[in-house]
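Colleague: Kindly return the folded structure for what I paste below:
(3 chains)
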Amino acid sequence: MRKMKGKKLLALLLAVLMMATVFVFAGCQSNQKEDTQDEQQQTEETADVQEDAAADTSLDDVMAKGELILGLDDSFPPMGFRNDENEIVGFDIDLAKAVADKLGVTLAVQPISWDAKEMELNSGNIDMIWNGMSYNEERDEAMNLSEPYLNNDMVFVVANGSEIADLEGLKGKTVAVQNGSTAQDILEASDLAADITVVGFKDNMTALLDMEAQGCDAVFMDKVVANYTISANGKDYQVLEEGLSPEVYVIGFRKGDQALRDAVQQALHELKEDGTVAEISTKWFGSDVTIIE
Amino acid sequence: METLFSTIDAAYMSKLLVILLQGVLTSLRIFAITLVIAVPLGFLVSFAKKSKYKIISVPINIYILIMRGTPLLLQILIVYFGPYYVFNLSYNRFAAIIIAFVLNYAAYFAEIFRGGIESMPVGQYEAAGALGFTKAQTFFRIILPQVVKRILPASANEVITLVKDTALAQTIGVAELFALSSKQASFKTSVIPLFVAGIFYFVLNWAVTAAFAYFEKKLDYYK
Amino acid sequence: MAVLSVSNIKKAFGSNVVLTDISFDVEEGEVVAIIGPSGSGKSTILRCINQLETIDGGQITLLDDNMIAGTSPDGKPIYSSPQVLRKMRLNIGLVFQNFNLFPHFSVMRNVTEAPIHVLKMPKEQAVEEAKDLLAKMGLSDKHDAYPYQLSGGQQQRVSIARALALHPEVLFFDEPTSALDPELTGEILKVIRGLAREKHTMVIVTHEMAFARDVADRVIFMDQGVIVEQGDPRQVINHPREERTKLFLKRYSEDSQD
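Modeller: This next block holds a predicted model:
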């Protein structure tokens, strides 16, 4: 799935540009001394974020406003997407609604640009990222992550009737991935990398269309998305049985928001116990495929 | 190519049109509000840029330089997320889009206006002055009407670009036309929603082009 | 009685001195022609009187109004109040070398715009007067035309009508035929002759020596920012006293023969 490479850099760039803009509007009084001060200020702000853990009001805040805001890129079926009524639906949305009910608050969904998800989270515009987000170490460092709730395999999708039947058959072929996704990372780090050509697209949809137009031979993507695309849209694709390393989906919270993260985790646990999770999973995947404990 | 159309039927098409029309409304709101604020602001900026006071003209020059020298996409991110990093303040997405678009387009319009005003022959000012017109009369009666004619083609370019630039609002989660169409494209794994969005943009800009052609014709009575 | 009195005018653009100590008077009903080589400062003097340029020293008096109210401690002239300057400006009509008509206005509106919005004249009156002026200029059939539809000569006649519409005390012409094709200069000179017969006070900067000699009551010859000699047109042009005038006229007649 998609990942956060370069986001810290962008955040830093933003901060620097903001400072520059503030200088400009303050009448261009920039000098060496002020530059140093601003750097200090920035360091302090970073420290502030970390200190929040000491006074964690995250759960109380959510309870007080009576609303839990879920941020998502609403183009990721079946986890979170817009249906033909323009409503945002999906497995993650149903699960999050059940969690919100459990907490006694309403769920609000806020579409965001996936590239800006870290900034959306840190600036408090959303309370969590819950959108089929794959676990990786960078995300674990940047956010406070939940326990994994779903397994996700990365699979190769080929056109029906393709001569490619296994990983061996991919050698010398062209494989498409979504740019900035964990799929791209995994593929490029794999043993296959030396023998295939990897092309990146803005999303899985474009990658699949490229395969239809015979621009590439296979698409490497999340299994849940691939299965949904084939079954719901009747696409004439095939999923290779052999895949690469498996992944898990997690929910991302702000670094300091331990109380909220724990409350959501506890709610998930209870929903698993009372069978709600199984019900939701069956609705979207045909059986309970979750790994919530 | 048949597969491209396999999941799209008439019932879905009508639903798609309803969804995309909602997107059109959002895009048009961004477009109209931006235009209504950015055009007059652009005029003010073009005057401020020519100010003889450095305290005004220098910041304005830097402002124009930044607005034209950096991607609008980045400006949108800065306008929306910047206040949080500086003042710990977050606010409405739509307002952020309007602010970012207005700041950006005012800078471009200002340069168009300045070009138009500076292209006016000095003889027009001298003739007006010799006839006793005040500075305000000279500007509004003699200069401005001629400037408007001169800047129409360049402004048309800018306005057409604005229609298409509204697609950038999706960067901070505003559900405009292009955002909604790509969501539907992902939902159906089909490019049809994108094509339909393309048709909407085309029609909108056709209307913009026709409007400018009409104004140009109206001002075509002199050379 | 002198309508216009110019005394000791100094003007420099940076270190480039254009006018050194220029003085002359213009009597009521008098036609004065200013001649001289390019760069002699003859157009600049008109522009100074018309406030299109500022002066660095001296005084300009039109009827009872002084352009300069005093001198600042550093020797710079202090201009009179905006009201006085405006009144002086309105008492002078200026006809430009390049006409400078307003291209977005019809001929009629070019002539009536200033009377209506500057003099606050009722529109009907302004239109009536404009009709008379345009008739006098031979442009009765061009009321609704736009400047781009007219020949250079016609445009210049419109600009003369436009200047006259404000009833100025003095009418200035800044090389009124220089931008015209030779065959069109005649119609402008004819119009100016007509105005001279009506005893309009006029100052004409021109290259047309024969015309200056015929129409002017007095000719001023300028060179390098000073008035070299002035007097009766036939005397200055046919029998110049000063060497510089002789040289200029000799060169001029040689050029004309080319």
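
Colleague: Point out where the chain drops to low pLDDT.
Modeller: By default, I'm working from chain A. A:1-54, A:180 (pLDDT under 70).

Colleague: meant chain B, my bad for not saying
Modeller: B:1-7.

Colleague: Briefly note if the helix with the most length in it comes near chain A.
Modeller: Ranked by residue count and defined by DSSP state H, the top helix of chain B is helix B:10-49. Yes: on the criterion C-beta under 8 Å from any C-beta of the partner chain, helix B:10-49 is in touch with chain A at B:12, B:15-16, B:18-19, B:22. From N, CA and C alone the C-beta is placed, and that goes for glycine too.

Colleague: which ones are touching residue 67?
Modeller: Picked chain A for this. For A:Glu67, the contacting residues are A:105-108, by C-beta atoms under 8 Å, 6 or more residues apart in numbering or on different chains.

Colleague: meant chain C, my bad for not saying
Modeller: Contacts of C:Met67 by C-beta under 8 Å, 6+ apart are C:51, C:55, C:59-61, C:79-80, C:84-85, C:88.

Colleague: do you know how far it is from C:Pro147?
Modeller: Note on C:Met67: its distance to C:Pro147, by C-beta to C-beta, to the nearest Å, is 32 Å.

Colleague: which element is C:Ala69 on?
Modeller: Here C:Ala69 sits within strand C:68-71, counting by DSSP states H and E.

Colleague: Which strands or helices does that strand pack on?
Modeller: Here strand C:68-71 touches strand C:57-62, strand C:77-79, going by 3 or more C-beta pairs under 8 Å, 6 or more residues apart in numbering or on different chains; DSSP states H and E.

Colleague: quick one: what helix or strand has the spatially most central residue of chain B in it?
Modeller: Centroid-nearest residue in chain B, with C-alpha atoms, centre = their mean: B:Leu162, separated by 3.6 Å. Taking DSSP H and E as the criterion, B:Leu162 maps to helix B:144-165.

Colleague: do that helix and chain A meet?
Modeller: No: applying C-beta under 8 Å from any C-beta, one finds helix B:144-165 separated from chain A by no less than 15.4 Å.

Colleague: Same question for that helix: list its buried residues.
Modeller: Neighbour-count burial for helix B:144-165 flags B:144, B:146-147, B:149-152, B:154-156, B:158-160, B:162-163, B:165 (criterion: 16 or more other C-beta atoms under 10 Å in any protein chain shown).

Colleague: which residues are in contact with that helix?
Modeller: Contacts of helix B:144-165 (C-beta under 8 Å, 6+ apart): B:27, B:31, B:34-35, B:72, B:101, B:105, B:108-109, B:112-113, B:115-117, B:119-120, B:124, B:201, B:204-205, B:208-209, B:212, B:215-216, B:219, C:103-104.

Colleague: buried subset of those residues?
Modeller: B:27, B:31, B:34-35, B:72, B:101, B:105, B:108-109, B:112-113, B:116-117, B:124, B:201, B:204-205, B:208, B:212, C:103-104.

Colleague: which ones among these are found in helices?
Modeller: Per DSSP H, helices hold the following members of the buried ones among the contacts of helix B:144-165: B:27, B:31, B:34-35, B:72, B:101, B:105, B:108-109, B:112-113, B:116-117, B:124, B:201, B:204-205, B:208, B:212.

Colleague: quick revisit: run the angle between the helix holding B:Leu162 and helix B:10-49 for me.
Modeller: 140 degrees (axes from the mean of the first three to the mean of the last three C-alpha atoms, to 10 degrees).

Colleague: Can you give me the neighbour number for C:Asn110?
Modeller: The local packing of C:Asn110 (other C-beta atoms under 10 Å in any protein chain shown) involves 26 other residues.

Colleague: so it is in which element?
Modeller: helix C:107-117.

Colleague: What residues sit buried inside stretch C:47-61?
Modeller: For stretch C:47-61, by 16+ other C-beta under 10 Å, it's C:47-53, C:55-61.
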